[in-house]
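Novice: curious how this folds, go ahead:
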Amino acid sequence: MQLFLLLCLVLLSPQEASLHRHHPRETKKRVKDLHVGATVAPSSRRDFTFDLYRALASAAPSQNVFFSPVSISVSLAMLSLGAGSSTKRQILEGLGLDFQKSSEEQLHRGFQQLLQELNQPRDGFQLSLGNALFTDLVVDVQDTFMSAMKTLYLADSFPTNFGDSAGALKQINDYVAKQTKGKIVDLLKNLDSNAVMVMVNYIFFKAKWETSFNHKGTQEQDFYVTPETVVRVPMMSREDQYHYLLDRNLSCRVVGVPYQGNATALFILPSEGKMQQVENGLSEKTLRKWLKMFKKRQLELYLPKFSIEGSYQLDKVLPKLGISNVFTSHADLSGISNHTNIQVSEVGSEAPMHLLSKIFYSILFYSILFYSTLPHFIPFHSIPFHSTPLQLTLFHSTPL
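Specialist: Have a look, this model is predicted:
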């Protein structure tokens, strides 16, 4: 059977959550960070998280999938603040935001509430999410855009001398290193000579398992990357009671492994040959169904120790979700600056992740690059996220 690695960042009302894993047979690593806001997320008409996941997975069927829907959603929502006409409409519709039922202000207020909720102090684990805007000293950024970034998205703002490319690069990378507690250094390797603005979004998550895996019980075992590719990995094991379910409709098992504090990792193990069926069936509705199905069960759980990285050019994928105008000369980003002909040239995401016997930690960054035919270049960034095999991390206000 294939091991499906799904890392999801999910904000829920008081409900249960979990992830699964049994023995690995055929295993394929797929990891991602996701947000499903049950109580504070803006009104949505589509599963942006899973639609994006499926688009990334189909683009590289044999590779890991590891990204942060939270970061990407927040970043694109911030971008929409400065977009107009069809550019704005495509971004909001691509995110699945229902601006027919909610006003644009209500949608952004929903993101504001989400950021405030995620940044609440919690016992047992560290979780923080933030945004920053670096603007060239000579760029006339719209006051309304700057104000909305600070008020709605809690963004820090830094005047930056992009004429000194090396100095600007150091300023941005130093900020990222500080916010990620030194886990991400040199996020940007270089800065285009035409750069005039950088937007940064990051998530930092660090937690301890509620019950650590026994280090002495870790043994080298086979791990099936694909049915044809087998590697030897350190396999952790622990016998305990876990939240568990068998989803016969999707042909998979799901196990919940709790962290200290109100967070739970969900591990999903598709039946042999059923990876595609599980991927196609993933949705917010599916997650909520699982929360109601979980039962306590004594299990001997096996999880691989591993580190994983992922990087994507999302400008090649987002058009599949209907977000295309912003990458063309028809882009309307006049709400950001009076400079004309600004458009997005490239959108990238990269992320490392680590699963250990005692601690799980992850950081996430995401990047969008803008350019102008006058020459103006705006990179838009988010953070790499270290994560776990087939993992969905749920945050809830009451213990399971």
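Novice: pLDDT below threshold where in the stretch 151-300 of the chain?
Specialist: 225-227 (pLDDT under 70).
Novice: can you pull out the helices in it?
Specialist: 165-179, 275-281, 284-293 (DSSP state H, counting those that start in this stretch).
Novice: just checking, what packs against the first one?
Specialist: So the one you mean is helix 165-179. Counting contacts by 3 or more C-beta pairs under 8 Å, 6 or more residues apart in numbering; DSSP states H and E, helix 165-179 is packed against strand 125-136, strand 156-160, strand 197-208. No exception for glycine: its C-beta is placed from N, CA and C like everyone else's.
Novice: with the last one instead?
Specialist: Other elements packing on helix 284-293 under the criterion 3+ C-beta pairs under 8 Å, 6+ apart are strand 229-247.
Novice: now do the buried residues in the strand it packs on.
Specialist: 233-238, 242-245, 247 (16 or more other C-beta atoms under 10 Å).
Novice: ok, residue 230 to residue 243 distance?
Specialist: 30 Å (C-beta to C-beta, to the nearest Å).
Novice: same question for residue 65.
Specialist: 24 Å.
Novice: now swap in residue 83 and tell me
Specialist: 42 Å.
Novice: list the buried ones in stretch 194-204?
Specialist: 195-204.
Novice: switch these over to JSON lines; also include distance to residue 159.
Specialist: Formatted as JSON lines, the buried residues of stretch 194-204 follow (distance: C-beta to C-beta, whole Å):
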{"residue": "195", "distance to residue 159": "14"}
{"residue": "196", "distance to residue 159": "12"}
{"residue": "197", "distance to residue 159": "11"}
{"residue": "198", "distance to residue 159": "12"}
{"residue": "199", "distance to residue 159": "14"}
{"residue": "200", "distance to residue 159": "15"}
{"residue": "201", "distance to residue 159": "19"}
{"residue": "202", "distance to residue 159": "20"}
{"residue": "203", "distance to residue 159": "25"}
{"residue": "204", "distance to residue 159": "25"}
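Novice: thinking again about what came up before, in the buried residues of strand 229-247, find the pair that's most separated.
Specialist: Greatest spatial distance among the buried residues of strand 229-247 (C-beta to C-beta): 234 and 247, at 28.6 Å.
Novice: and for residue 270, the neighbour number?
Specialist: 25 (other C-beta atoms under 10 Å).
Novice: again, but for residue 141
Specialist: Neighbours of residue 141 using other C-beta under 10 Å come to 20.
Novice: just the pLDDT for it.
Specialist: pLDDT recorded at residue 141 is 87.
Novice: rewinding a little: show me which pair in the buried residues of stretch 194-204 is furthest apart.
Specialist: Among these, 196 and 204 lie farthest apart (C-beta to C-beta), at 27.4 Å.
Novice: what's the closest of the buried residues of strand 229-247 to residue 112?
Specialist: Comparing those against residue 112 with C-beta to C-beta places residue 243 closest, at 32.0 Å.
Novice: what about the strands in the stretch 1-150 of the chain?
Specialist: 9-11, 125-136 (DSSP state E, counting those that start in this stretch).
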